[in-house]
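>>> My questions are about this predicted structure, shown below with the sequence.
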Amino acid sequence: MNVEIVGCDAEQIHIPGSIQPDGFMLIAQVTTRLVVGYAGRDDAFINENVLGLCLDDVIDLGSHLTTDTLPSTGTKVIGDVSVAGKTMDAVVFISGEYLVVELTDKDPQHSLDASFLAELQAAGSIFDKAYSLQELCQQASEAFQGLTGYGRVLVYHFVDDDAGVVVGESIADASSSFLNHHFPASDIPKQARALYVRNRVRVITDVNYVPVPIVGIDQGLAAIDLSDSMLRSVSPIHIQYLKNMGVAASASMSIIVDGVLWGLVACHHNQPRPISLTAKLACQALASSLSRRIKARQENELYRERPHLRSQEDLILSYFGVDDSLPEFFEKAGADLAMLMQATGFAALQGSSLLLWGKCPDPIDVRELGRAVVARGPLGPWATSELGYEIPSAASYRELASGLLAFVV
């Protein structure tokens, strides 16, 4: 596959015009319920003959889907439906003026029975035993691997500037490790991040799949928005990315904290691997549980850190004297000030005066940093962990100072 990796942020991944061949899609008018489009693998009961029929004549939705129960946003799970005498799983969503139904085969190994619910409950309850965020993420990777059976499961956390780092990992095969590896923000384009917030479980059963085009009465139907689809065909760029990693199948679940994409649970397998609707929903529930635990863990750590920071702040303020000059203050408070900011060195510029403490770049370089900070204007504190990216000349002393916290008084 020859894919141009340019302009990834402009790719319209929500309107691919096709689905993965893991099921069927029926598209009907919301008002008339007449079928105007379909997509799916070659099959006797989902083909061009369904166009123009009433949706209820194609699949037996029974009383599951009435005008009052149509989802205004997101996906509604219907569950078991009868299609030409065959029981399948069904979900529906609204896309503009269209009602979209997705049908997938049932998996008897993942039936929603007491045993499966107990397994899901046990996977979620183990999160309560984690004593740190790192342990929580490690336990999460193991729980999702037990639930999905994928060979490698990663917990991926977005950090500064939307870059990512793997903070938890569980490997059950010969897959290589990515634990503590960092990845640039460009690995996941902006529009993909937006879809991760909206559609929180995505599965690629086989990276070598052939996309199945949407066929419609109107050719413009190929541009239907599939943001809420579970079968949506994915970007060829992403497919090539997975192939480059040696991944044959993947699944990802969003970790949303306070409405923001905190990270992903990324599952990889070295062979094609399908996931049933029940397993997808279980993964979504487990990811929601993990999101709540992460939020609680972060709030607890912040709560414990506040008294410590307050005591350090009070200690530093105690060094202020009525007649002290700035150099005298730094001489007394330098060590505690560095500890407060978790810094190895700091500097203060006042007019033509330059005060340094700890490990700092050359004074010429510090003055250049000062000019860059002032040029930003009164925008509040400036914090970066990629100083060499923000100021290219800083790359020459990155081993001494690769991060910066600065502000103008």
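Okay, I see it.
>>> Which stretches in the protein count as helices?
Using DSSP state H, the helices assigned to the chain run over residues 55-58, 114-125, 133-148, 190-198, 236-244, 277-317, 326-341, 363-375, 387-390.
>>> can you put those helices in TSV and add mean pLDDT?
TSV is the format used below for these (pLDDT from 0 to 100):
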stretch	mean pLDDT
helix 55-58	88
helix 114-125	73
helix 133-148	92
helix 190-198	91
helix 236-244	93
helix 277-317	84
helix 326-341	79
helix 363-375	89
helix 387-390	86
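>>> Just say which of the ones you listed is most tucked in.
Of all those, helix 133-148 has the most neighbours on average by mean count of other CB atoms under 10 Å, namely a mean of 21. In this view, the C-beta of every residue, glycine as well, is placed from N, C-alpha and C.
>>> Need the helices of the chain in a markdown table (columns: distance to residue 106).
Below are the helices of the chain laid out as a markdown table (distance: least, CB to CB, whole Å):
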| stretch | distance to residue 106 |
| --- | --- |
| helix 55-58 | 18 |
| helix 114-125 | 13 |
| helix 133-148 | 17 |
| helix 190-198 | 26 |
| helix 236-244 | 27 |
| helix 277-317 | 8 |
| helix 326-341 | 57 |
| helix 363-375 | 60 |
| helix 387-390 | 50 |
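>>> which one of those lies closest to residue 102?
Comparing the helices of the chain against residue 102 with CB to CB, the closest turns out to be helix 277-317 (9.0 Å).
>>> and that closest one, how far out from the chain's middle?
17 Å (CA atoms, centre = their mean, to the nearest Å).
>>> just to revisit the earlier point, of the helices of the chain, which is nearest residue 226?
Where those are weighed against each other on CB to CB, the nearest is helix 190-198, at 9.7 Å.
>>> quick one on the thing from earlier: quick one: which of the helices of the chain is nearest residue 171?
Ranking those by distance to residue 171, with CB to CB as the measure, places helix 133-148 first at 8.3 Å.
>>> could you say what helices and strands that closest one packs with?
The contact analysis (3 or more CB pairs under 8 Å, 6 or more residues apart in numbering; DSSP states H and E) places helix 133-148 against helix 114-125, strand 152-158, strand 164-171, strand 260-269, helix 277-317.
>>> now do 6 Å
Identification of packing neighbours for helix 133-148 by 3 or more CB pairs under 6 Å, 6 or more residues apart in numbering; DSSP states H and E yields strand 152-158, strand 164-171, helix 277-317.
>>> Of the helices of the chain, which is nearest residue 213?
Nearest of those (CB to CB): helix 236-244, 14.2 Å.
>>> I'd like to check the angle between the closest one and strand 260-269, please.
Note on geometry: by axes from the mean of the first three to the mean of the last three CA atoms, to 10 degrees, helix 236-244 and strand 260-269 are set 50 degrees apart in direction.
>>> Give the burial count for residue 184, as a bare number.
11 (other CB atoms under 10 Å).
>>> for it, what are its contacts?
Each residue near residue 184 by CB atoms under 6 Å, 6 or more residues apart in numbering is listed here: residue 163.
>>> re the thing from before, could I get the helices and strands packed on helix 133-148 in TSV, plus columns for distance to residue 124?
Converted to TSV, these look like this (distance: least, CB to CB, whole Å):
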stretch	distance to residue 124
strand 152-158	15
strand 164-171	15
helix 277-317	4
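>>> Of those, which is nearest residue 96?
It's helix 277-317; of these, that one is closest to residue 96 (CB to CB) at 24.0 Å.
>>> and that closest one with strand 260-269, angle?
130 degrees.
>>> Would you mind naming the residues that bridge with residue 156?
Legend: beta-bridge partners of residue 156 under DSSP bridges are residue 166, residue 264.
>>> I'd say it and residue 267 touch.
No - if you go by CB atoms under 6 Å, residue 156 and residue 267 don't touch, sitting 10.9 Å apart.
>>> Tell me which of the two has more neighbours.
residue 267 (27 against 24).
>>> what pLDDT does residue 129 get?
We note a pLDDT of 78 for residue 129 in this prediction.
>>> Now it. Nearest residue, chain neighbours left out?
Distances taken as CB to CB, 6 or more residues apart in numbering put residue 139 closest to residue 129, at 7.5 Å, once the chain neighbours are dropped.
>>> Test my guess that the one you found contacts residue 130.
Yes - Residue 139 is in contact with residue 130 according to CB under 6 Å; the separation is 5.5 Å.
>>> Out of the helices of the chain, flag the one nearest residue 74.
Nearest of the helices of the chain (CB to CB): helix 190-198, 7.9 Å.
>>> where's that closest one relative to the chain centroid, distance-wise?
Worked out by CA atoms, centre = their mean, helix 190-198 lies 8 Å from the chain centre.
>>> other SSEs contacting that helix?
Short answer (3+ CB pairs under 6 Å, 6+ apart): helix 190-198 packs on strand 260-269.
>>> Next, the buried residues of the strand it packs on.
Neighbour-count burial for strand 260-269 flags 261, 262, 263, 264, 265, 266, 267, 268, 269 (criterion: 16 or more other CB atoms under 10 Å).
>>> quick one: contacts for the first one?
By CB under 6 Å, 6+ apart, the contact set of residue 261 is 193, 196, 197.
>>> Tell me, what's the model's pLDDT at the closest residue to the last one other than its chain neighbours?
Residue nearest to residue 197 in three dimensions, not counting chain neighbours: residue 261, with 5.4 Å by CB to CB, 6+ apart. What the model reports as pLDDT for residue 261 is 95.
>>> quick one, what contacts residue 32?
Applying CB under 6 Å, 6+ apart, no residues qualify as near residue 32.
>>> quick one, phi psi at the residue nearest to residue 151 when sequence neighbours are not counted?
Counting by CB to CB, 6+ apart, the nearest residue to residue 151 once its immediate chain neighbours are dropped is residue 173, at 3.6 Å. Backbone torsions of residue 173, given as degrees, to the nearest 10, read phi -130, psi -150.
>>> Appreciated, that's everything.
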